[in-house]
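J.: next come a sequence and a model predicted from it.
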Amino acid sequence: MSAVLDARGIGMTFRNGDELTEVLKGVDLKLEPGELAALLGASGSGKSTLLSIVGLLLRPTLGTIIIGGQHVEGLSELERAQFRNQRLGFIFQFHHLLPDFTATENVAFPAAAPAGGITPAMRSRARELLVRVGLSDRMDFPATRLSGGQKQRVAIARALMNKPDLVLADEPTGSLDRVAAEQVLDLMREVNREDKTTFLICTHDEHVAARCTRRVTLKDGRVEGVLASQ
Amino acid sequence: MFALSVARRYLLSNPAQTGLLISGVALGVMAFVFITALIQGLAIRLTDDVTANSAHVSLEPPTRVARVLPSPDADVESTAIVSTFQRRQIRAWSSTVALLRSETSVSAISPQISGSAFLVKGEAVAPVAVTAIDPLGLDAISPISTEIVSGDSGLGADGILIGVRLAENLGLSAGQPVLFRTDRGVDRLLIVRGIFQTGLQSLDERVAYLSIQTARPLFLLPEGVTNIEVKLVDPARAREFAAFMAEATGLRATSWQQKNANLEGALAAQAQTGTLIQIFSLISVLIGIASALSLSANRRRGEVGIMRAFGVSKRFIAAVFVLQGLLIGMVGASLGCVGGFALCSWLATMTKPDGTTALPIAPNEGGYVAVFLLTTLGAVLASVIPARSAARLDPLEAIQQ
């Protein structure tokens, strides 16, 4: 089976006036299907930039990226948006749910927007996912009436809506208390284990990294080490 | 359409703000409707005042001018000299009247002999503009019989109707004789049958009516008429109809608009002023919509960013904001039209102590379709800038904020 993610020689340089800042210096990263990988590193190590590049939110200065067997460097803006919609899932530190929509509608949104509306099939899948993340009793609650942990669980369900090849999570527990953070981590592990969904979790929290199957550590824009755990 | 559903949700999420925004649009539209109805009402009233007591089209003999006549001899030219003593008249007026009767746009026809004369009472002499008409068609152009304040409107063979100010000037009352002297030097004693009061000084002081049969020997016109006055079903078409009649008969045809060029100029200037006010009220509405949607787009940066992150197209994001503009415009314009009509209808019922209407407002002439379409279209255009700004948002930047 081919790798879900195969990023090679990723370089990223930002220009700020006359000043050039090289954030990533030839990073290689490969994820096999079903992996639950943690991307570790201190602040400024380049981990968030790498996650954004892998998530097609940033174009790298150098390197090639293959996701699910497809080269993505040459895609147009529209094709990148479609690729993100169909093949990638995102979980951010701040859930950014749509406050005027219910939990079900929020989960269904990534499928509904390109299709022009929420079909019964989409609604049904969204509800299945909400049951899966333990929110069967909150399906029709407006997002504003959910707790922080519940909102992040809705965000996880939303990330899974289009059955992505790869879910990218940026500090997914960063804004939660310990109990909620544990529940969210358990949930991601469960989905990874049962559905074989591949996760790349960007974190600076050793506790989070310890729950993943692989740790990739970045330092000064380079991969410092790759460690398989458990 | 899912974008429409999202736009509606966004608007309903903050009912107070949306309500204020729609109220602002509705007030702007109401101002537009009020100004339009007032200007149209004023134009209608002024036009009615002018056209109610005068002809919409006047037909007269063509102006006679001296002209060069061609000659068979190459170098010789001759000039035709037109007599200015000979009275200008329409001899074949019956055929012109027949043509007018065949036109459905004509509502009244009045062949007339118009001329100048003097009324002499003792030592008092007053010049008058004479309108000689068929007594049966006395009210065809101006409703004189309804404005008789003394005597009656029956002209008979020796009767004359004069205005109230003229009667005062000459010390005349209904039933008294007065010497009538034409500009042709013909005298005849006539009886003042009735005295009218139109409220227009020029008519009440200077105009006298008599029967066309009485006038023929006085003005030395045994057959012809000097002019044919015409009223139309739609006074606004007078210019067009005058051109048609001039072409068809060779007569000089003058519309009421041509006779009242100053009024037309004043109405045009008034309409231009109104247009400026309308434009400014629409601009203020559109600025309100654009700024409110810009604030909304800014407030929802995070949501828009996450939508863009999970692949929702720029077009969808833009559509959400443009549709908000469309909904605000449509609802605001509808409420403004209804409110404007209600306001104008109420104002139209207000009267002055003398019983006349206080404001010459025409509630049905509020330009409702135009303001609805302009506001809706303008609201869509006003939402384009915030929509583009939201659609172009860098998802990464928006999410990280």
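T.: Yep, that arrived.

J.: B:Ile160 reaches B:Val178, doesn't it?
T.: Yes: counting by Cβ atoms under 8 Å, B:Ile160 touches B:Val178, with 6.9 Å between them. For glycine as for every other residue, the C-beta is placed from the backbone atoms N, C-alpha and C.

J.: please identify which of the two sits among more neighbours.
T.: Legend: neighbour count by other Cβ atoms under 10 Å in any protein chain shown for B:Ile160 and B:Val178, higher for B:Ile160 (26 against 22).

J.: nearest residue to that one in space, please, no chain neighbours.
T.: Spatial nearest neighbour of B:Ile160, excluding adjacent residues (Cβ to Cβ, 6 or more residues apart in numbering or on different chains): B:Leu190 at 4.3 Å.

J.: residues near the closest residue to chain B within chain A, how many?
T.: Among the residues of chain A, A:Asn85 lies nearest to chain B; the distance is 2.5 Å by Cβ to the nearest Cβ. Using other Cβ under 10 Å, A:Asn85 has 21 other residues around it.

J.: and what of B:Pro222?
T.: Applying other Cβ under 10 Å, we find 7 residues neighbouring B:Pro222.

J.: can you tell me the element it falls in?
T.: Assessed by DSSP states H and E, B:Pro222 sits outside every helix and strand.

J.: now do it against B:Leu251, distance only.
T.: From B:Pro222 over to B:Leu251 the distance is 20 Å, taken as Cβ to Cβ, to the nearest Å.

J.: hang on, the earlier thing: and the residue nearest to B:Ile160, bridged to which residues?
T.: B:Val178 (DSSP bridges).

J.: point me to the residue of the stretch 251-400 of chain B nearest chain A.
T.: Counting by Cβ to the nearest Cβ, the stretch 251-400 of chain B gets nearest chain A through B:Gly311, at 2.5 Å.

J.: am I right that A:Thr64 sits in a helix?
T.: No: judged by DSSP: H, G, I helix; E, B strand; the rest coil, A:Thr64 forms no part of a helix; its state is strand.

J.: so it is in contact with A:Gly74, correct?
T.: No: A:Thr64 lies out of contact with A:Gly74 (Cβ under 8 Å); the separation is 9.9 Å.

J.: more neighbours: those two, which one.
T.: A:Thr64 (14 against 8).

J.: quick check on the closest residue to the more buried one other than its chain neighbours: phi, psi?
T.: With Cβ to Cβ, 6+ apart as the criterion, A:Thr64 has its nearest non-adjacent residue at 5.2 Å, and that residue is A:Arg8. Per-residue torsions, A:Arg8: phi -130, psi 130 (degrees, to the nearest 10).

J.: what's the burial count for A:Arg8?
T.: Burial of A:Arg8 is recorded as 14 neighbouring residues (other Cβ under 10 Å).

J.: quick check: buried residues in the helix or strand containing B:Ala333?
T.: Assigned by DSSP H and E, B:Ala333 belongs to helix B:314-349. Counting neighbours by 16 or more other Cβ atoms under 10 Å in any protein chain shown, one finds that the buried residues in helix B:314-349 are B:314, B:316-337, B:339-341, B:343-344, B:347-348.

J.: and stretch B:116-134, by the same measure?
T.: B:117, B:119-121, B:126, B:128, B:130-133.

J.: I would like the residues contacting the longest helix along chain A, please.
T.: For chain A, the helix with the greatest residue count under DSSP state H is helix A:178-195. Helix A:178-195 is touched from outside by A:34-36, A:132-134, A:147-149, A:152-153, A:156, A:160, A:167, A:169, A:172-173, A:176, A:197-199, A:201, A:208, A:211, with contacts defined as Cβ atoms under 8 Å, 6 or more residues apart in numbering or on different chains.

J.: filter the residues you listed to the buried ones?
T.: A:35-36, A:132-134, A:149, A:152-153, A:156, A:160, A:167, A:169, A:172-173, A:176, A:197-199, A:201, A:208, A:211.

J.: among those, which are in helices?
T.: Assigned to helices by DSSP H, the following of the buried ones among the contacts of helix A:178-195 qualify: A:132, A:149, A:152-153, A:156, A:160, A:208.

J.: B:Thr214 and B:Arg91: what is the separation?
T.: 20 Å.

J.: looking at the two, which is more packed in?
T.: More crowded of B:Thr214 and B:Arg91, by other Cβ under 10 Å: B:Thr214, with 21 against 11.

J.: strands of chain A, residue ranges please.
T.: A:5-16, A:19-31, A:36-41, A:62-67, A:70-71, A:88-91, A:166-170, A:198-203, A:214-219, A:222-228 (DSSP state E).

J.: possible to save these as a markdown table with mean pLDDT?
T.: What follows is these, written out as a markdown table (pLDDT from 0 to 100):
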| stretch | mean pLDDT |
| --- | --- |
| strand A:5-16 | 90 |
| strand A:19-31 | 89 |
| strand A:36-41 | 89 |
| strand A:62-67 | 92 |
| strand A:70-71 | 90 |
| strand A:88-91 | 90 |
| strand A:166-170 | 90 |
| strand A:198-203 | 90 |
| strand A:214-219 | 89 |
| strand A:222-228 | 76 |
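
J.: the residue nearest to A:Glu105 when sequence neighbours are not counted: how many residues sit nearby?
T.: Counting by Cβ to Cβ, 6+ apart, A:Glu105 lies nearest to A:Ile118, which is 6.7 Å off, once chain neighbours are set aside. Neighbourhood size, A:Ile118 [other Cβ under 10 Å]: 20.

J.: with the one 5 residues further on instead?
T.: Neighbour count for A:Arg123, taken as other Cβ under 10 Å: 17.

J.: wait, it sits on A:Ala103?
T.: No: counting by Cβ under 8 Å, A:Arg123 does not reach A:Ala103; the two are 11.6 Å apart.

J.: check the gap between the closest residue to the residue of chain A closest to chain B other than its chain neighbours and A:Ala143 for me.
T.: Once flanking residues are discounted, A:Asn85 sits nearest to B:Gly311: 2.5 Å by Cβ to Cβ, 6+ apart. Distance, B:Gly311 to A:Ala143, by Cβ to Cβ: 20 Å.

J.: the two: who's more crowded?
T.: B:Gly311 (24 against 21).

J.: quick check: neighbours shared by B:Ile160 and B:Val178?
T.: B:190-192.

J.: what residues does the stretch 1-150 of chain B put near chain A?
T.: B:1-2, B:5-6, B:9-10, B:12-13 (Cβ under 8 Å from any Cβ of the partner chain).

J.: please indicate which of those are buried?
T.: Among the residues of the stretch 1-150 of chain B next to chain A, those buried by neighbour count (16+ other Cβ under 10 Å) are B:2, B:5-6, B:10, B:13.

J.: who's the residue nearest the centre of chain A bridged to?
T.: Chain A has A:Leu168 as the residue nearest its centroid, 1.6 Å off, counting by Cα atoms, centre = their mean. For A:Leu168, the beta-bridge assignment (DSSP bridges) gives partners A:Phe90, A:Leu200.

J.: got the contact list for it?
T.: Counting by Cβ under 8 Å, 6+ apart, A:Leu168 touches A:51, A:54-55, A:88-91, A:199-200, A:202.

J.: about what we covered before: which pLDDT value belongs to the residue nearest to A:Glu105?
T.: According to the prediction, A:Ile118 has pLDDT 91.

J.: check the one 5 residues further on too.
T.: What the model reports for A:Arg123 is a pLDDT of 94.

J.: would you mind naming what in chain A lies close to chain B?
T.: With Cβ under 8 Å from any Cβ as the criterion, chain A meets chain B at residues A:52, A:55, A:57-58, A:78, A:81-86, A:88-90, A:92, A:94, A:96, A:98-101, A:109-110, A:112-118, A:158-159.

J.: ok, 6 Å please
T.: A:52, A:57, A:81, A:84-85, A:90, A:92, A:96, A:98, A:100, A:110, A:112-113, A:116-117 (Cβ under 6 Å from any Cβ of the partner chain).

J.: name the nearest residue to A:Ala159, ignoring sequence neighbours.
T.: Per Cβ to Cβ, 6+ apart, closest to A:Ala159 is A:Gly89, 3.3 Å.
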